[in-house]
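# need a structure here:
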Amino acid sequence: MDTDSGPPKTDPGVSAPVDRPSSLLLRLIVSATLALTLSLAMVGLAVDRGYRAASMDALQERLNSTVFLLLSTLELSAEGQPMMSDRLAEPRLEQPGSGLYAGALTPAGRWQSTSMTGVLNSPSPNVLPRGQTHFVGPEQGLGASYLSMGLGWEQPDGEIVDLTLWAAEDRARYEAQVAAFRSDLWGWLGFAALLLTGVQGLILLLSLRPLRQVASEVAEIETGEREQLSLSYPKELQPLTANLNALLASERSNAAHYRQALADLAHALKTPLAVLKARLESGESIQTDTVGEELARMDRLIRRQLERAARSTHRTINKPVEVFPVLERLSQSLERLYRDQSVSIQVSGEQGLSLRIDERDLLELCGNLLDNAAKYGHGEIQVRLSSLKGSRMPGVEIRVDDNGPGLDGQLFSRLLARGARGDEQAEGQGLGLAIAHQLAQAYGGELLCGPSATLGGASIAVRFPPR
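Here you go, the predicted model:
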């Protein structure tokens, strides 16, 4: 018997269910609704507690006023029996079952208001010592709330009689008052919660509208209806959209460079292949050395084009590389390399500037510029590093001046164009500048040439604009 109790096996032909991510808008609305509901509930509880405390104080004040009204109409007989006039100051005390009650207690007897007629479980305060007040609220669970006050009554013969006056009110009146307030309070708070939830939903819809626009434009890019995202986004999303546009531009640029490299390679291989094909078709005997030379030539062409294609492509998001240390290392290496020519390279400018570029590409770019200046100058080279101000990330300018014969603009343009040819065999300044030009363009930069204002020779600058 198989007793394996491991996890159940799934059919390899059936894909496992994928959890569908919930909507960001739904998450925000649910979170905001929960926070709003909790906040309004706490506000409602605080207001309800405050209202009940205020109602309790008002009840105690009413009962206290009733006691003093009762005191204004009270008389004591010679025996100390409490007596009241026919007309009381509070009409409710004369209405049976009105809900407001009052009474007086002395050692000789007691008096109760007419409103106590027929009332079951009537309040029965005890006689209090003089100067004391006792209040029993509706929360005590009795049928009525009452306040009793202990006094001393001076008789005409000078005797002081202990007198306790009390007033009571049905708990039902207090509870009805609190219930009515709670009904209005929670009703209005519920209406406010619905209204605020709707307003929050509208605000969230408007706030997330740029994200929906991003998703819509990405879908249009996938279908080929547009090439990049628009620029009209809030500043919080601009880093995202700018990087996406940079990635899209990088992809198009890399694809274009690969297509160009393949076209150049096809053009370069056309001639040796045509020569070999013609010799084979004519029946001419082909020497092994000749075939080897043609194959070696084609191999060099393939390698050169692959290297140029690799140089012309780049990653959009690279680690920042500090430029100044790279320039110092290159200058020290070239001074040792051209020691016989007494080449002197001075590096100056702003330290701490960084470029998002592959470090090997930066070494090759700057190395070509410095090597050209060392080859065609007269031994003195100045390299200056400066920043180009930008809103997010500053740009960088690397300027290389030499004391050579100089280089005019037309020749500079021809050298760049000649160096970019796929079948170019000559090594030298044209190829070095072309490589530098390709690398600069691959990272969104440009190569500029002019006369040197300090050394009198050529001044070649590579500029990477700010982002």
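# next, count neighbours for residue 261.
21 (other CB atoms under 10 Å). Where C-beta positions appear, they are placed from N, C-alpha and C, glycine not excepted.
# please apply the same query to residue 43.
13.
# any idea of the mean pLDDT for the helix or strand hosting it?
If you go by DSSP states H and E, residue 43 is part of helix 24-72. Averaged across helix 24-72, pLDDT comes to 90.
# any idea how far it is from the chain center?
Chain-centre distance of helix 24-72: 37 Å, with CA atoms, centre = their mean, to the nearest Å.
# adjacent strands (with direction) for whatever helix or strand comes next after it?
Going down the chain from helix 24-72, the next helix or strand is strand 74-76, by DSSP H and E. Using DSSP bridges, the strands paired with strand 74-76 in its sheet are strand 82-84 (antiparallel).
# relative to helix 24-72, how tilted is the following helix or strand past the partner strand?
Using DSSP H and E, the helix or strand that directly follows strand 82-84 along the chain is strand 100-106. Relative orientation of strand 100-106 versus helix 24-72 (axes from the mean of the first three to the mean of the last three CA atoms, to 10 degrees): 40 degrees.
# shaky segments in the stretch 51-200 of the chain?
Along the stretch 51-200 of the chain, the parts satisfying pLDDT under 70 run over 86, 120-122, 141.
# what bridges to residue 75?
residue 83.
# so how far is residue 66 from it?
The gap separating residue 75 from residue 66 is 18 Å, by CB to CB, to the nearest Å.
# try residue 272
121 Å.
# look at those two and report which has more neighbours.
residue 66 (25 against 15).
# buried residues, stretch 263-275. List them.
Buried residues in stretch 263-275, counted by 16 or more other CB atoms under 10 Å: 264, 265, 268, 269.
# can you tell me the element the second one falls in?
Residue 265 is part of helix 238-282, with elements assigned from DSSP H and E.
# now the strands: where do they sit in this protein?
74-76, 82-84, 100-106, 109-112, 133-136, 144-154, 160-170, 320-322, 344-349, 354-356, 380-388, 395-402, 446-451, 458-464 (DSSP state E).
# now render the ones you listed as a markdown table, adding mean neighbour count.
Compiled in a markdown table, those are given as follows (neighbours: other CB atoms under 10 Å):
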| stretch | mean neighbour count |
| --- | --- |
| strand 74-76 | 16 |
| strand 82-84 | 18 |
| strand 100-106 | 23 |
| strand 109-112 | 16 |
| strand 133-136 | 15 |
| strand 144-154 | 20 |
| strand 160-170 | 22 |
| strand 320-322 | 14 |
| strand 344-349 | 16 |
| strand 354-356 | 18 |
| strand 380-388 | 19 |
| strand 395-402 | 23 |
| strand 446-451 | 16 |
| strand 458-464 | 21 |
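# nothing else from me, thank you.
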